[in-house]
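Q: below are the sequence and a predicted model; questions follow.
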Amino acid sequence: MSKAIRIHETGGPEVLGWEEVELGEPGQGEVRVRQTAVGLNYIDVYQRTGLYPVPLPGGIGLEAAGIVQAVGPGVTHVEVGDRVAYATGPAGAYAEERVMPAAPLVKLPDHVADQQAAAMLLKGMTVQFLIHQTYKVQAGETVLLQAAAGGVGLIACQWLNALGVTVIGTVSSEEKAAIAKAHGCTHTIIYKKENVTERVRELTGGAGVPVVYDSVGKATWESSLDCLRPRGLMVSFGNTSGAVPPFAISQLAAKGSLYVTRPILATYVARREDLEAAARDVFAMVASGKVKVDVRQTYPLKDAARAHRDLESSKTTGSTVLLP
């Protein structure tokens, strides 16, 4: 028997229960992984609340690191004893041990610790596809990054800085502004005190930015669009404040023939070769020292409800790890 966080209904953090679960042997294409660190991500909240439906009763969470304990038939890219991590599910990462498909697993290089892997793989591969594929950012450009002090934000600030990109980042407090700047954010805007659109226009000489990376959603939708230059790209990749409401497509014309995309990591790493390439990029940036991943908060896995409350109330910064 093993223990895991399970939900029987969607709702607030109180629906997260710490329960015993029975594990079978891995079947075709499956492995059993003893998990050493579990990543906390906002998508976990979406699963818990039902915004992103998961089977009930069942587990939540998409990201973890651990050690392969058993391998089922047909698995060739990992072996018993390998240190591995994954970041695209299936849901159920909030567990001490689990049987799961082997396909999402990548081997961890020696220079990446388990907690570090659980803190960065999902967020790091998200940054990788956002800045290299969704919009290929070039040195000398200026971008707007909403929620710059979050887990994705701090990795993005460093990676973009290493590429020679000017980063304008929004944050909620002076403390978070200092953290974002320490991680390579060029200009910070405290959105509770400043008008984001006016400040971005001021910093860009009235031109606006070619791309906005926005994981906030509903609360920042209008201001993000208004920060774009003509023919700019709005990259909406999260909904921490709620889903973007329906809008008239003519709004994009009125604001300068804008483009909008809603990408997700799973699409970009659906093929094995793309998954491995994205993970390699993340590991290489960490190995180079250009991106440092600090685990800024840890919680016992059984206290996942407390971690969710802190995440939703903006008490966390950067990456958070749950420890089985």
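A: In hand now; what should we look at?
Q: phi and psi next, for D214.
A: Backbone geometry at D214, expressed as degrees, to the nearest 10, gives phi -130, psi 110.
Q: right, I mislabeled it, should have said T267
A: The phi/psi pair for T267 (degrees, to the nearest 10) reads phi -70, psi -40.
Q: same question for G39.
A: For G39, the backbone dihedrals are phi -80, psi 140 (criterion: degrees, to the nearest 10).
Q: just checking, it touches S319?
A: Yes. With the criterion set as Cβ atoms under 8 Å, G39 and S319 qualify as a contacting pair; they are 7.4 Å apart. Every C-beta, even on glycine, is put in place using the N, C-alpha and C of the backbone.
Q: so what's in contact with those two at the same time?
A: 119-120, 123 (Cβ atoms under 8 Å, 6 or more residues apart in numbering).
Q: make a ChimeraX selection of the buried ones in the residues you listed.
A: Entered in ChimeraX, the line below selects the buried ones among these, by 16 or more other Cβ atoms under 10 Å:
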select :119,120,123
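Q: can you convert the shared contacts of G39 and S319 into JSON lines and add a column each for distance to V75 and secondary structure?
A: As requested, these are exported to JSON lines (distance: Cβ to Cβ, whole Å; DSSP: H, G, I helix; E, B strand; the rest coil):
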{"residue": "A119", "distance to V75": "26", "secondary structure": "helix"}
{"residue": "M120", "distance to V75": "25", "secondary structure": "helix"}
{"residue": "K123", "distance to V75": "27", "secondary structure": "helix"}
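Q: may I see the shared contacts of G39 and S319 arranged in a markdown table, with distance to Y191 and pLDDT as well?
A: Conversion of these to a markdown table gives the following (distance: Cβ to Cβ, whole Å; pLDDT from 0 to 100):
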| residue | distance to Y191 | pLDDT |
| --- | --- | --- |
| A119 | 25 | 94 |
| M120 | 26 | 94 |
| K123 | 21 | 94 |
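Q: using TSV, lay out the shared contacts of G39 and S319 together with distance to K315.
A: Below are the shared contacts of G39 and S319 laid out as TSV (distance: Cβ to Cβ, whole Å):
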residue	distance to K315
A119	17
M120	20
K123	18
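Q: contacting residues for K192?
A: 172-173.
Q: with adjacent residues omitted, what lies nearest to A87?
A: On the basis of Cβ to Cβ, 6 or more residues apart in numbering, the spatially nearest residue to A87 that is not a chain neighbour turns out to be L122, at 3.7 Å.
Q: downstream neighbour of the helix or strand hosting the one you found in the secondary structure list?
A: Under the assignment given by DSSP states H and E, the secondary-structure element containing L122 is helix 114-129. Tracing the chain C-terminally past helix 114-129 and defining elements by DSSP H and E, one meets strand 142-145 next.
Q: report all helices and strands that that following strand contacts.
A: Packed against strand 142-145 by the contact rule (3 or more Cβ pairs under 8 Å, 6 or more residues apart in numbering; DSSP states H and E) you find helix 151-162, strand 166-171, strand 209-214.
Q: what are the pairing partners of the last one, and which direction each?
A: It refers to strand 209-214. With DSSP bridges as the test, strand 209-214 is paired with strand 142-145 (parallel), strand 228-236 (parallel).
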